[in-house]
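S.K.: Build me a model from this:
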Amino acid sequence: MDDNAAIDALLATATIEQIPLPPAEERRRLREELHLSRAQVAAALKVSASTVGGWETGREPGGEVRKKYAYFLEGAVLKLNAAKPADPSTAGDTSADAAVSEGQADVLDDVDELAAPQPCVLCGQPARHQVEGFPQHLDPGDCTAAAPAPVAAPTVDAGLAQPAPAAAPAAPAPAAAPAAPERAARPARAVPPQRPAQADRSGRGGWQGARGGGRGVKVAPVGRRVQAAADMPDPIRSAVDGALAEHGGDVEAATAALVKRAIPDAMALLDHTRKGGRYDIVAHPWLPDILRKQTARGADQVWEARPKWTRAELPAGAHEVTALDINGAYLSALKTHLPLGQLEHSEGNHHDRKRSGLHLITPPVWEHDAVLPNPVGQRDEPGPLWVTEPTLRLLLRVSGPKYGLCDPPEIHESWTSGATEGLLEKFRTALKDARDRAIADDDVVTLEYVKAMYSKFVSTLGESNYNRELYRTDWMHLIRSQAFANLWTKAFKAYDEGLMVVRAMGTDELHVIGDWRAVFPEGRGVTEVKVKDVYTFGSDTDDPRQAKNAPDGPS
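M.R.: Numbering: from 1, shown residues only. Modelled structure (predicted):
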C-alpha cells in the first residue's frame, strides 16, 4: 500500500504537459466529424481560433489549457463512438453523418448550427446550418433547389431570348435525344445543394457543383451581397464604445485601456476578418536558422533594407526642403505577399511569383546613390545577404525594362512557401476604414487604438511573449520590408516627377525640394502625405544633414 501511495502521489504531481494528445490530424478529424468550427472550440477553451488551428497543424498546447483540450478530445471520441446521437433532435437524420463518413469532412471545414433558420443560399428556403458562413441545407433532400425551367434558344433574327412555355416536371432523358438547333441554349441541370469549393493554389475558388465540375447553379456568396451598415458587426467601434462607457467618458483613460489591450484585440479582429477565408494559416511553423536570433539580444540573418539615406550634395544656393510624413506606412504594408505554410528550401537563380519568403542574393551594383537611395538600403558589407520577398521583387522591378536602373540580382537559395497578397486584406481594410472614420470624426480614441493595433501586430509577429497566438517571424520581416519598399517607390516617384529627393528614412520620412503638392496628395489618409517639417538649406553648407533645423532622423 505504501508503494502504491507513493505512485499516486507521483502521478498527482505530474505536470500537465505529460497528458498525451492524439496526432494533429486526428485532432482536426475529431472536431470536423462533430461539425464544430474552430471558433466554437476556441470559445469553449477561452483561446483564439488561430490557436486551435495551430494545435491542428502540429503545435502542442501547454499549461492548464492542455488539460482542457485533452478533455475535449476525449469527449469527442466518446461522443463519436456512442451508439446514437447525443442530440435527440438529430436522431434519424443520418445524411450529414453519411456525408462526413464518405470522406467529405475535408470540404466541410466549418459547419455551424444556426440559432434561427436563415435562407439557404441555393434554394432560399429556411436552413438550420451554415457551412463556412453560408446558410444551406446539409441534406440534399431538404434543399428545394430544383432545375430551372428550360431556357428557349434565341431566334436567329432577334438577339433577345423568347420566353419559354412552362416546363413539365423533369423526366429521365431518352436514350437518343434529337440534336439541338445550332446556338441553342442548353436547359440548366438540377444540382444537389453545393458546398463552398476549396480554393486551389492559384487562388481560384467559388461555388461549384459537388460532382458537376463547377457547372451547377452559381450563387453569389453571402459575403459579397449588399448588407445594411447596421447589420455588419464592427468590433473596433464596439470596443471603443465599451471602453468609453467603462471609464465614464474619460478620453485619456479609455485610450490608455484600449492601447494596453491592442495586441489581443488585433488578434481577435484578425480571426473575425478570417471567417470564411480560403486559406488556413500555419500559426507556429518550424523556422529555418536564418530566422533565429544569433544571440539573446541580437538579430537574425534577414536584411530588411531599411533606408537611411541622405543626398550627399545639393546645387548651390538656398533651398526650401519639405519633410513629408507617409501616413499609415505599416498599415499599407499589410498588403504584401505572405507565405501561408512552413517555409521550404530551394536552390538556384529562379524566382516563383506564386511563392513568397526569404532569398539569399548577391545584390546588383547601384550607381544612382547621388540622387536616389539604394533599394537594399545602406549596407556596409559587400557580398550575398538574405533579403525578403518585397526587397527582391523591388530589385527585379527596377532592373526590368521599365526602369532599367541596375542589373538583376543573383538568387542563390530561397526559403519560400505558397503565398497570397490578400491574406490580411480584410484585416487591413477594417483597420483602414476605422482610421478614416476616426479622422473624419476627430475621434482621437479610435485613432490611437487603431494605430496601436496595427503597429503592435507587426512588431509582435516574431517569437514575442506579448503575442503567443501567431509566431511568424518571416511575416514580420516581410511587412516591414514592404513598408521600406513603399517608401522607396515614393522616392522614385518624386524623382521621376522632377522633385529633388534629399532624404529617405525608415518607413515614413521623405525630404524633397520642389512643388511636392503636384506629385503627392496632401492629407491624413493612407494614400496621402502630410508635412512633418519645413526647413531651409543654405548655400553656406555642403551637407544637408548639417542644415539648420534639419531633422536628424525618423520621428
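S.K.: Met453 sits in which helix or strand?
M.R.: helix 444-459 (DSSP states H and E).
S.K.: That helix: what's the following helix or strand?
M.R.: Using DSSP H and E, the first helix or strand after helix 444-459 is helix 473-496.
S.K.: How far off centre is that following helix?
M.R.: Averaging C-alpha positions (CA atoms, centre = their mean, to the nearest Å) puts helix 473-496 18 Å from its chain's average.
S.K.: between that helix and helix 444-459, what angle do the directions make?
M.R.: Comparing the axes of helix 473-496 and helix 444-459 via axes from the mean of the first three to the mean of the last three CA atoms, to 10 degrees yields an angle of 110 degrees.
S.K.: in the stretch 301-450 of the chain, which segments are predicted with low confidence?
M.R.: Applying pLDDT under 70 to the stretch 301-450 of the chain flags no residue at all.
S.K.: again, but for the stretch 151-300 of the chain
M.R.: Using pLDDT under 70, the stretch 151-300 of the chain drops low at 151-232.
S.K.: Report the separation between the nearest residue to Glu497 once chain neighbours are set aside and Pro315.
M.R.: In space, and not counting its chain neighbours, Glu497 is closest to Val519: 4.5 Å by CB to CB, 6 or more residues apart in numbering. For glycine as for every other residue, the C-beta is placed from the backbone atoms N, C-alpha and C. Per CB to CB, to the nearest Å, Val519 is found 19 Å from Pro315.
S.K.: For the two, indicate the residue with more neighbours.
M.R.: Val519 (18 against 8; other CB atoms under 10 Å).
S.K.: got the domain boundaries for the protein?
M.R.: Structural domains annotated on the chain: 2-82, 289-425+472-546, as defined by automatic domain parsing.
S.K.: Which strand runs longest in the chain?
M.R.: Taking DSSP state E as the criterion, the chain has its longest strand at strand 410-420.
S.K.: Specify the angle between that one and helix 473-496 in degrees.
M.R.: Using the same axes, to 10 degrees: strand 410-420 against helix 473-496 is 110 degrees.
S.K.: Partner strands of strand 410-420, with direction?
M.R.: strand 338-339 (antiparallel), strand 344-347 (antiparallel), strand 355-362 (antiparallel) (DSSP bridges).
S.K.: And the contacts of it?
M.R.: 201, 203, 279, 288, 290, 337-352, 354-362, 384, 389, 392, 474 (CB atoms under 8 Å, 6 or more residues apart in numbering).
S.K.: Over to stretch 72-84?
M.R.: Leu21, Pro22, Arg27, Leu30, Arg31, Glu33, Leu34, Val41, Ala44, Leu45, Ala86, Ala91.
S.K.: In TSV, list those along with pLDDT, secondary structure and neighbour count.
M.R.: Converted to TSV, these look like this (pLDDT from 0 to 100; DSSP: H, G, I helix; E, B strand; the rest coil; neighbours: other CB atoms under 10 Å):
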residue	pLDDT	secondary structure	neighbour count
Leu21	90	coil	15
Pro22	91	coil	15
Arg27	92	helix	21
Leu30	91	helix	21
Arg31	89	helix	22
Glu33	87	helix	16
Leu34	88	coil	17
Val41	90	helix	24
Ala44	88	helix	13
Leu45	89	helix	18
Ala86	45	coil	10
Ala91	44	coil	10
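S.K.: Which one of the residues you listed is nearest to Leu461?
M.R.: Leu45 (22.9 Å; CB to CB).
S.K.: Dump the domains of the chain into CSV; add distance to Arg261 as well.
M.R.: CSV is the format used below for the domains of the chain (distance: least, CB to CB, whole Å):
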stretch, distance to Arg261
domain 2-82, 14
domain 289-425+472-546, 19
